[in-house]
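K.L.:
Test case, fold it:
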Amino acid sequence: MITIAVDCMGGDHGLVVTLPACRNFLEKHTDASLILVRLPDNSGRFSHARGTTVTATEVVGMDDSLEVALRRKKDSSMRVAIQQVKDGRAQAAVSAGNTAALMAISRYLLKTLDGIDRPAIAGQIPNAKGQATTVLDMGANVDCSAEHLLQFAIMGSALVSVLNGVENPTVGLLNIGEESIKGNEVIKKAGELLRAAAQAGDFNFYGNVEGNDIFKGTSDIVVCDGFVGNVALKASEGLATMIVDFLKIEFSRNMFTRLAALAAYPVISALKKRMDHRRYNGGALLGLRGLVFKSHGSADAMAFEYALTRAYEAARHQLLDRVQARIAHVAPLMGAVAPTLQCAAASFD
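P.N.:
Predicted coordinates:
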């Protein structure tokens, strides 16, 4: 039985979204149970044989500072949910709350894995192949060293092999060109480390990739710093929304366009489904001594259910053990890096 702790109060919508998502998830996964962390009130009753309620007295707001979230709100639904993982009562935790707070609390309670200096957020962006490109970091670390990018590649490779079923996923290094001589000094050094790790058999390094390769699906994984990764994520979501809205407007102009829309409906539906970012919801906070997944703050019930499913699959396939094994193998290349963390509050909120 896989048990997931859920911060039911986090995000823009709280119980209105999380409770229906939890109910749907439990109906589809008979070998899973949930610990629902929420305020002690009677709104949004929830009853299920595999759902246990744990109460908290506080909620981390989307605009709360790290000091408030970490030091003042010690009985928040977010913190109590992560505590379930630390205490071994749950194999993973899921929250749609404040990203910076989630990363800070997770790191404080769970600590980082040996050999990892900065946890990273790994998310998915739909690509032209009908699948998704895993990108990390997506907002936890604004500035990264070459060694950090190597760590992201190792963790991302383990994640994709577990959740996507790709035995030897390709890793691309985001750059301004494919040539190894391009990029700043950090990117050039990262390329050297990634090539050395690939030669040692630690992962499958594709080489440098450009921004459009994320959407082409050129490589299974793209590593970059959190600033660039977060911009790419928000740009992809904006593009998907723009295309869908454009089609709605164009096909509703007159009778002829309405008839054209009717004929093209199967294609339009397939495109809309492929670009629906809700299907890729659930960013993994990699590098911690426990599994934590971040849902979009604005997620609806469908999107939040996908985040629960990703956490469930990660726990079921023992993602944490696989990440640790890969880190241990590549340890000689890691180097000593000052263990600092710079969280970007924008991230998935």
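
K.L.:
going forward, measure contacts and count neighbours with C-alpha atoms only.
P.N.:
Fine.

K.L.:
Now Gln124. Its backbone dihedrals?
P.N.:
phi -120, psi 140 (degrees, to the nearest 10).

K.L.:
Once you drop chain neighbours, what's closest to it?
P.N.:
Take Gln124 and drop its neighbours on the chain: the residue closest to it by C-alpha to C-alpha, 6 or more residues apart in numbering is Thr134, 4.5 Å away.

K.L.:
ok, now which ones touch that neighbour?
P.N.:
For Thr134, the contact set (C-alpha atoms under 8 Å, 6 or more residues apart in numbering) comprises 122-125, 156, 160, 220-222.

K.L.:
Widest-spaced pair of the residues you listed?
P.N.:
Across the contacts of Thr134, the longest distance by C-alpha to C-alpha is 13.7 Å; it joins Ile125 and Gly156.

K.L.:
Which neighbours do the two have in common?
P.N.:
134-135.

K.L.:
average pLDDT across the one helix or strand Gly229 maps to?
P.N.:
Secondary structure from DSSP states H and E places Gly229 in helix 226-250. Averaging pLDDT along helix 226-250 yields 77.

K.L.:
in it, what counts as buried?
P.N.:
226-230, 232-233, 236-237, 240, 244 (16 or more other C-alpha atoms under 10 Å).

K.L.:
Tabulate the residues you listed in TSV, adding columns for distance to Glu67.
P.N.:
Shown next, in TSV, are these (distance: C-alpha to C-alpha, whole Å):
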residue	distance to Glu67
Gly226	22
Phe227	22
Val228	26
Gly229	25
Asn230	23
Ala232	28
Leu233	27
Ser236	32
Glu237	30
Ala240	35
Val244	40
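
K.L.:
how much space between the residue nearest to the spatial centre of the chain and Ala314?
P.N.:
Ranked by distance to the mean C-alpha position of the chain (C-alpha atoms, centre = their mean), the top residue is Gly283 at 0.9 Å. Look at Gly283 and Ala314: by C-alpha to C-alpha, to the nearest Å, they are 11 Å apart.

K.L.:
Kindly report the same for Glu147.
P.N.:
Computed with C-alpha to C-alpha, the distance linking Glu147 and Ala314 is 25 Å.

K.L.:
ok, now Gly61?
P.N.:
27 Å.

K.L.:
Neighbour count: the two, which is higher?
P.N.:
Ala314 (22 against 17; other C-alpha atoms under 10 Å).

K.L.:
where's the more buried one, which helix or strand?
P.N.:
helix 301-316.

K.L.:
That helix: what's the following helix or strand?
P.N.:
helix 319-334.

K.L.:
what helices or strands is that following helix leaning on?
P.N.:
Here helix 319-334 touches helix 146-163, helix 185-199, going by 3 or more C-alpha pairs under 8 Å, 6 or more residues apart in numbering; DSSP states H and E.

K.L.:
May I see the buried residues of that helix?
P.N.:
For helix 319-334, burial by neighbour count (16+ other C-alpha under 10 Å) applies to 319-320, 322-324, 326-327, 330, 333-334.

K.L.:
quick one: it to helix 301-316, angle?
P.N.:
70 degrees (axes from the mean of the first three to the mean of the last three C-alpha atoms, to 10 degrees).
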